[in-house]
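> Using only what follows, build the 3D model:
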Amino acid sequence: MDREQGPILQLQLATLESQGLLKSSSFGTGKNAVLKALEHLGYIQIDTLSIVERAHHHTLWTRVPNYQPSYLEDLVEERNVFEYWFHAASYLPMRDFRYVLPQMLSVQQNQSHYYNADPKVMQHVLDVIRNEGPKKARDFENESKKAGSWWSWKPTKLALERLFMQGDLMISKRKGMEKTYDLRERILPAHIDLTEPTSFEFAEYLVKTYLRAYGFTTLKQITHLKKGGILKKEVNDVLESMLQEKAIQQINIDGIPPVFVESNIMESVFDPPAPRVQLLSPFDNSIIHRDRIQQIFNFDFRLECYVPKEKRQYGYFCLPILFGNTFIGRVDCKAHRKSKQFELIHLHIENRDIAPELWLESFIESVKQFAKFNGCTTLLLTKVSPTKLTVTIKKMLNKLT
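Here you go, the predicted model:
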């Protein structure tokens, strides 16, 4: 395909700048930087997998150099951040709470929703939390085992999730994957606007969030995993309005759907990306839209942990490797926490145009720092593709560790 390298490069730099990946410490350091990053990005996807540090922590660690999981936990308990659904389970800035109301109301009004909980059990759960205070799911599991108990664990779990999804309950805190639920009125700050946004306002929120977080957007990206043809129409209306106001412009590039950018983006001068390697989470905001990464960075990425083992091409949990503004490959990793060993199960180097001596030292330093973040003290490199790079990489690894 004949690609227009000028506009493509500008879009690459624009999105890396907007994502906080063009230079180190884009959002600063410490807990305030975590909130700043989350408000800028709009959401951080929550991950249940722990092969390496979970994606929500990994994504923030990539952007906030001194990040600690306790920062995010504190922000939830301080009511600056809350959990709900974006295109998946996510952390969102509390200032945006109003924009989850349409989905909460939709769940509340839909009796056939997949969280098909028993109304009696839901009322019981609400009464217990109202009278006794915040509860974990296992608190109800223990209660269900008592003699004479009339409910069981599974209906109670469904009730908790249904009440959470329809907004009666919120997550007051989380440790690992264990959540504590409380009544919404005891968590939500008094100043939060609870006016349900119109369809146009919701579409405008999405458009502006994506433009801010990515530097540019497409219709498909904005409506990614969002249901309903009405939303697509409203998003189109918002984009058309912003085009008429010259707040954004449309860029047409061969082989790529129309791209919408803020009017100054294509004229902006971005500093060259630092010649450093960044290991990204498979759920990182910057790569979650696979088509976009393929079109703009020419990098075909798919997460294979849900693919049968015999059909995997690269490995169970590969991390994309970003060098400057180029994805040079991916590495399948696992943190062996008991032995404190971080294993590079299979390192795939796919870009052969950039000499290894340009990125190798930075790659090893990034791996060392990520291993440390995972509580590991030693590194193990098991396999490299292409195999001819194995000796070079292992020699450098031994030299720098």
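
> CA only for contacts and neighbour counts going forward, please
Noted.

> ok, longest strand in this structure?
With secondary structure taken from DSSP state E, the chain has its longest strand at strand 326-336.

> Check which helices and strands that strand is in contact with.
Packing partners of strand 326-336 (3 or more CA pairs under 8 Å, 6 or more residues apart in numbering; DSSP states H and E): strand 318-323, strand 341-349.

> Any chance of the backbone angles for Ile248?
Backbone torsions for Ile248, taken as degrees, to the nearest 10, come to phi -130, psi 170.

> Find me the pLDDT at it, would you?
Confidence at Ile248, expressed as pLDDT, is 96.

> That one touches Met242, doesn't it?
Yes: contact criterion CA atoms under 8 Å: Ile248 and Met242 qualify, at 5.8 Å.

> which other residues reach the longest strand of the chain?
With contacts defined as CA atoms under 8 Å, 6 or more residues apart in numbering, strand 326-336 is touched by 51-52, 297, 299, 314-322, 341-351, 371, 374, 376.

> can we see that at 7 Å?
The contact list for strand 326-336 (CA atoms under 7 Å, 6 or more residues apart in numbering) reads 51-52, 297, 299, 315-322, 341-351, 374.

> Now do the domain split for the protein, please.
The record's domain split for the chain, according to automatic domain parsing, is 5-98+193-267, 110-187, 299-400.

> so can I have CSV of these showing distance to Leu280 and mean neighbour count?
Formatted as CSV, the domains of the chain follow (distance: least, CA to CA, whole Å; neighbours: other CA atoms under 10 Å):
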stretch, distance to Leu280, mean neighbour count
domain 5-98+193-267, 7, 18
domain 110-187, 20, 16
domain 299-400, 5, 17
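
> comparing those, which gets the lowest mean pLDDT score?
The weakest mean pLDDT among the domains of the chain belongs to domain 110-187, with a mean of 84.

> Can you pull up the most central residue in the chain?
The centroid of the chain falls nearest to Gln45 when counting by CA atoms, centre = their mean (3.3 Å).

> phi, psi of the nearest residue to that one once chain neighbours are set aside?
Residue nearest to Gln45 in three dimensions, not counting chain neighbours: Ser90, with 4.2 Å by CA to CA, 6 or more residues apart in numbering. Per-residue torsions, Ser90: phi -150, psi 160 (degrees, to the nearest 10).

> Name the residues linked to the residue lying closest to Asn285 once chain neighbours are set aside by a beta bridge.
Closest residue in space to Asn285, ignoring its immediate chain neighbours: Ile44 at 7.0 Å, by CA to CA, 6+ apart. When bridges are called by DSSP bridges, Ile44 pairs up with Tyr91.

> try Arg330
Beta-bridge partners, per DSSP bridges, of Arg330: Pro320, His348.

> how close does it sit to Ile171?
Going from Arg330 to Ile171 by CA to CA, to the nearest Å gives 34 Å.

> can you check Leu13 too?
In this view, Leu13 and Ile171 are 36 Å apart by CA to CA.

> cool, and Ile51?
Counting by CA to CA, the gap from Ile51 to Ile171 is 24 Å.

> again with Asp193
Asp193 is 19 Å from Ile171, by CA to CA.

> before we move on, what about Ser25?
29 Å.

> Check Arg184 too.
With distances taken as CA to CA, Arg184 is found 9 Å from Ile171.

> same deal with Asp118?
Asp118 sits 21 Å away from Ile171 when distances are taken as CA to CA.

> just Phe82 next, same as before
7 Å.

> for Asp74, same thing?
In terms of CA to CA, Asp74 sits 13 Å off from Ile171.

> ok, now Leu92?
To Ile171, Leu92 is 12 Å away according to CA to CA.

> Give me the common contacts of these two.
Residues touching both Leu92 and Ile171 by CA under 7 Å, 6+ apart: Glu83.

> now Ser385, nearest residue through space, not along the chain?
Nearest residue to Ser385, sequence neighbours excluded (CA to CA, 6+ apart): His348, at 4.9 Å.

> can you state the direction angle for the biggest helix by length in the chain and strand 318-323?
Longest helix in the chain, counting residues (DSSP state H): helix 356-373. For helix 356-373 against strand 318-323, the angle by axes from the mean of the first three to the mean of the last three CA atoms, to 10 degrees is 130 degrees.
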